[in-house]
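**Q** sequence and computational prediction follow.
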Amino acid sequence: MHLDDAQLARLVDGELGLETGSVRTHLAECADCRARAELAGSELAWLERRLRALDHEPPAVTAAALARRGAVSRTGWRWRWAAGVVLAVGFAGVAWAAPGSPLPGLVRRVAEWVSGGGSVTSAPGPLPEPPAEAGDAGIALFPGANLVIEFTRSTGVGTAAVELTEEAEVSVRGPGGAATFTAEEERLLVERTGSPAAFVVRIPRAAPRVEIRVGATRLFLKEAGRITATVPPVDGRYSLPLP
Amino acid sequence: MIRELPIPASRSGQDAGVPESSAAEAAFDAAFTALFEAHFRRLFRYLDRLSGEPDLAADLAQEAYVRLYRRGAMPDVPQAWLVTVALNLFRNARASRSRRRSLVGLVRGELAQADPAPAPDAGLLAAEERHAVRAALEQLPERDRRLLLLRSEGYSYREIAAALRLHEASVGVFLARARRAFRAACEGGTHAS
């Protein structure tokens, strides 16, 4: 049995690994394969010479300069988050102060219920269930080259409806109080609080790679135009059950 | 080198004027510098050969390292991570620059050398050689081209497999095929050696 082309490639590339002994032994005994190995080596040298014709001088840049740029952009990223928080607080204030807003009354009733006061108009009981409609809370961010959306496991039943959009940002929305959202580099963590919740995840068609997981279990993967999911799409939407 | 920089508040968690960073950050900075010194040139050369645009290749290689620094932690296979990020950036750049006719178009240097102004014979021959090699590369499928160029820059089979999402055991097979195809493309072209 002669060496195959892949073995010859690994030989000339120094990638034989555990095969090294057996291949060397064979070469010592087989003149045909020795000749093929020499030819492969000379062809590799020829190829390298040809490719060098394309080369240009690399830019004059230092690690320190790139580190500085990385540090600055990270600072910018944090400033954007800070600005987002300020805006969210501002919107909450407006919602609170708007004439006819139900927020003050709702908060007062919840506070009274928590403190066990007797002036609650309705009977004490569990807090209202989060609305079935998703959209009360969420986050949006640019997906970059790779983004992993990770839901934590929960005792409550949950679903994530995944849609592909023409938008630029990935967004994850769910009922208010059903989860907290934490964005990190290449990762969006959705920590579920335990109540039943239906999330909506919108992913740009142009996003290079977006993955949805629950813990270590992958439920959905979009790589360029290819999609792998645990459930088939219905009307272009993937309804992923969240364990 | 990096530790001499003023540490921004976002990395150190302290005032920018305080030059101390945690041991982990210092270790990351040292690893980043070592990685840059060892591999930046070959990442640039790979992207230059792949794109045919040295300016774009320089931008992409630098941006990949900037993103690694911003990440703040080394990935499992850093060289492969850098290649993957750079290739994604390249794809985005290519998509947003629809005026470019193909992946391996003319390099700017070639355009300059195509100028009728007096040029040494060696320069013209080099330009012809570049045209021939690029034309041969252009005939290869995308995966074969990337494989061939990554390997020629010394990336290991493991790094290539990680960057191109292949099985490591398949890299040798694909490489052998890509080399044959490149040889055939060169011999089939006007400028075969």
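**A** Received, thanks.

**Q** CA only for contacts and neighbour counts going forward, please
**A** Noted.

**Q** can you map out the helices along chain A?
**A** Ranges of helices in chain A, per DSSP state H, are A:5-13, A:20-29, A:31-52, A:63-97, A:103-115.

**Q** near chain B, which residues of chain A?
**A** Proximity of chain A to chain B is confined to A:5-7, A:9-10, A:15, A:47-48, A:50-51, A:53-56, A:58-59, A:63-64, A:66-75, A:78, A:145, A:185, A:208 under the rule Cα under 8 Å from any Cα of the partner chain.

**Q** how far away is B:Asp55 from chain A?
**A** According to Cα to the nearest Cα, to the nearest Å, B:Asp55 and chain A sit 8 Å apart.

**Q** pretty sure that residue is in a helix, no?
**A** Yes - the assignment for B:Asp55 is a helix, going by DSSP: H, G, I helix; E, B strand; the rest coil.

**Q** what number of residues lie near residue 25?
**A** Picking chain A for this. 10 (other Cα atoms under 10 Å in any protein chain shown).

**Q** to clarify, I was referring to chain B.
**A** 16.

**Q** so what's A:Thr165 closest to, chain neighbours aside?
**A** Spatial nearest neighbour of A:Thr165, chain neighbours left out: A:Pro204 (4.7 Å); criterion: Cα to Cα, 6 or more residues apart in numbering or on different chains.

**Q** give me the buried entries from the residues of chain A next to chain B.
**A** A:5-7, A:9-10, A:15, A:47, A:50-51, A:53-54, A:56, A:58-59, A:63-64, A:66-75, A:145, A:185, A:208 (16 or more other Cα atoms under 10 Å in any protein chain shown).

**Q** least confident secondary structure element in chain B?
**A** Among the helical and strand segments of chain B, the one scoring lowest on mean pLDDT, DSSP states H and E is helix B:9-12, with a mean of 39.

**Q** pLDDT weak spots in chain A?
**A** Residue ranges of chain A with pLDDT under 70: A:73-81, A:95-102, A:112-136.

**Q** cutoff 80 now
**A** For chain A, the stretches flagged by pLDDT under 80 are A:72-137, A:154-157, A:176-177, A:183-185, A:194-196.

**Q** ok, A:Ile139 - contacts?
**A** Neighbouring residues of A:Ile139 by Cα atoms under 8 Å, 6 or more residues apart in numbering or on different chains: A:171-173, A:181.

**Q** and the single longest helix found in chain B, what does it pack against?
**A** The residue-count maximum for a helix in chain B (DSSP H) belongs to helix B:23-51. For helix B:23-51, the elements it packs on are helix A:63-97, helix B:54-71, helix B:142-152, judged by 3 or more Cα pairs under 8 Å, 6 or more residues apart in numbering or on different chains; DSSP states H and E.

**Q** what's next to the second one, contact-wise?
**A** Yep, that's helix B:54-71 we're talking about. A:56, A:58-59, A:66-67, A:69-71, A:73-74, A:185, B:32, B:36, B:40, B:43-45, B:47-48, B:51, B:74, B:82-83, B:85-86, B:89-90, B:107-108.

**Q** who does the helix or strand that comes right after that helix touch, helix- and strand-wise?
**A** The first helix or strand that comes after helix B:54-71 along the chain, using DSSP states H and E, is helix B:78-96. Using 3+ Cα pairs under 8 Å, 6+ apart as the contact test, the elements touching helix B:78-96 are helix B:54-71, helix B:157-164.

**Q** JSON lines for those, including mean neighbour count?
**A** Formatted as JSON lines, the helices and strands packed on helix B:78-96 follow (neighbours: other Cα atoms under 10 Å in any protein chain shown):
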{"stretch": "helix B:54-71", "mean neighbour count": "22"}
{"stretch": "helix B:157-164", "mean neighbour count": "20"}
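
**Q** quick one: which of these is nearest B:Leu137?
**A** Evaluated over the helices and strands packed on helix B:78-96, closeness to B:Leu137 peaks at helix B:54-71, with 16.4 Å, by Cα to Cα.

**Q** can you show me the CA trace of that closest one as CSV?
**A** Listed next in CSV are the C-alpha coordinates belonging to helix B:54-71 (Å, rounded to 0.1, in the frame of the first residue of the first chain):
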residue,chain,number,x,y,z
PRO,B,54,-2.4,45.6,0.8
ASP,B,55,-4.2,48.6,2.3
LEU,B,56,-7.3,46.6,3.1
ALA,B,57,-5.2,43.8,4.5
ALA,B,58,-3.4,46.1,6.8
ASP,B,59,-6.7,47.5,8.1
LEU,B,60,-8.2,44.1,8.6
ALA,B,61,-5.2,42.6,10.4
GLN,B,62,-5.0,45.6,12.7
GLU,B,63,-8.7,45.6,13.4
ALA,B,64,-8.5,41.9,14.3
TYR,B,65,-5.9,42.6,16.9
VAL,B,66,-7.8,45.6,18.2
ARG,B,67,-10.8,43.3,18.7
LEU,B,68,-8.7,40.7,20.5
TYR,B,69,-7.4,43.4,22.9
ARG,B,70,-10.9,44.6,23.5
ARG,B,71,-11.9,41.0,24.2
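
**Q** let me see the contact set for the spatially most central residue of chain A.
**A** Nearest residue to the geometric centre of chain A (Cα atoms, centre = their mean): A:Val148, 1.7 Å. By Cα under 8 Å, 6+ apart, the residues touching A:Val148 are A:186-188, A:210-213.

**Q** count of neighbours near residue 186?
**A** All of this refers to chain A. Neighbour count of A:Glu186, defined by other Cα under 10 Å: 15.

**Q** let's do chain B instead
**A** 22.

**Q** with A:Ser42 instead?
**A** The local packing of A:Ser42 (other Cα under 10 Å) involves 13 other residues.

**Q** counting neighbours, what do you get for B:Ala31?
**A** A count of nearby residues for B:Ala31, using other Cα under 10 Å, gives 14.
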